[in-house]
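**Student:** fold the following, please.
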Amino acid sequence: MESIASRAKASKATIYRRWASKLELVVDAMDRYAGDTSEEPEDTGSVEADLLALVRLVTHQISGFDGHLILGLAQAALSSPGLCAALEEQMGPSKLPMPKIVIDRAVARGELPVGADPMLFNEIIPSVVIMRLIHGLTLDEAFLRHLVVDILLPALRNQPSLSPTP
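**Tutor:** Residues are numbered from 1 along each chain as shown. Alright, predicted model coming up:
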């Protein structure tokens with residue numbers, strides 16, 4: 001909070017009048033930074049090409065400032081259950097409509113089964129991209145195509161029933 005006050009050329013008391021805690025400040029900053037996530041994803045006419053375009057977008061975002069921000073917040077959330085919960089609520093899957101739009105289109109075209117879960121995109125793609133970046137591995141076109149064709153599409157097409165067993 002001291003660094004923020006200094007950068008804002010304000011007192012800590014001024015900062016604390018607006019945000020009662022670091023958690024409130026971080027959540028407010030993320031809300032303002034996230035901006036409009038309602039952009040319509042590209043419709044190429046095929047699920048493979050649509051997902052590849054979306055994976056390229058995610059890879060570009062994670063490879064830049066957003067990736068550093070995500071990793072920093074993830075590290076901070078490890079020691080702050082309140083931050084972890086706030087970030088999940090603030091930036092959780094409901095704030096990422098693009099995979100759902102792409103997958104719904106593919107289901108309507110008959111390329112994916114009814115019930116294909118867009119959360120698989122959110123669980124697989126960012127995790128793989130971040131881990132490859134951490135380990136200094138390539139994210140070239142051949143790898144991104146492999147990620148879509150050999151990992152994501154089979155997962156979307158062959159989801160086990162997640163209903164509880166008796």
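**Student:** what sits against the residue nearest to Ile130 when sequence neighbours are not counted?
**Tutor:** Counting by CB to CB, 6 or more residues apart in numbering, Ile130 lies nearest to Ile62, which is 6.1 Å off, once chain neighbours are set aside. Heads up, the C-betas are built off the backbone N, CA and C, glycines and all. Taking CB atoms under 8 Å, 6 or more residues apart in numbering, we find Ile62 in contact with 70, 126, 129-130, 133.
**Student:** residues of stretch 75-90 that come out buried?
**Tutor:** 77, 83, 86-87 (16 or more other CB atoms under 10 Å).
**Student:** put the alpha carbons of it into CSV.
**Tutor:** Extracted C-alpha coordinates of stretch 75-90, given in CSV (Å, rounded to 0.1, in the frame of the first residue of the first chain):
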residue,chain,number,x,y,z
GLN,A,75,1.7,-16.8,-6.4
ALA,A,76,0.1,-14.3,-4.1
ALA,A,77,-3.1,-16.3,-3.9
LEU,A,78,-1.2,-19.3,-2.6
SER,A,79,-0.8,-17.6,0.7
SER,A,80,-4.1,-15.7,0.7
PRO,A,81,-7.3,-17.8,0.6
GLY,A,82,-9.3,-14.6,0.5
LEU,A,83,-7.4,-13.4,-2.6
CYS,A,84,-7.8,-16.9,-4.2
ALA,A,85,-11.6,-16.8,-3.7
ALA,A,86,-11.9,-13.2,-4.9
LEU,A,87,-9.9,-13.9,-8.0
GLU,A,88,-12.0,-17.0,-8.8
GLU,A,89,-15.1,-15.0,-8.4
GLN,A,90,-13.7,-12.0,-10.3
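**Student:** tell me which residues are up against it.
**Tutor:** In contact with stretch 75-90 (CB under 8 Å, 6+ apart) are residues 23, 26-27, 30-31, 34, 73.
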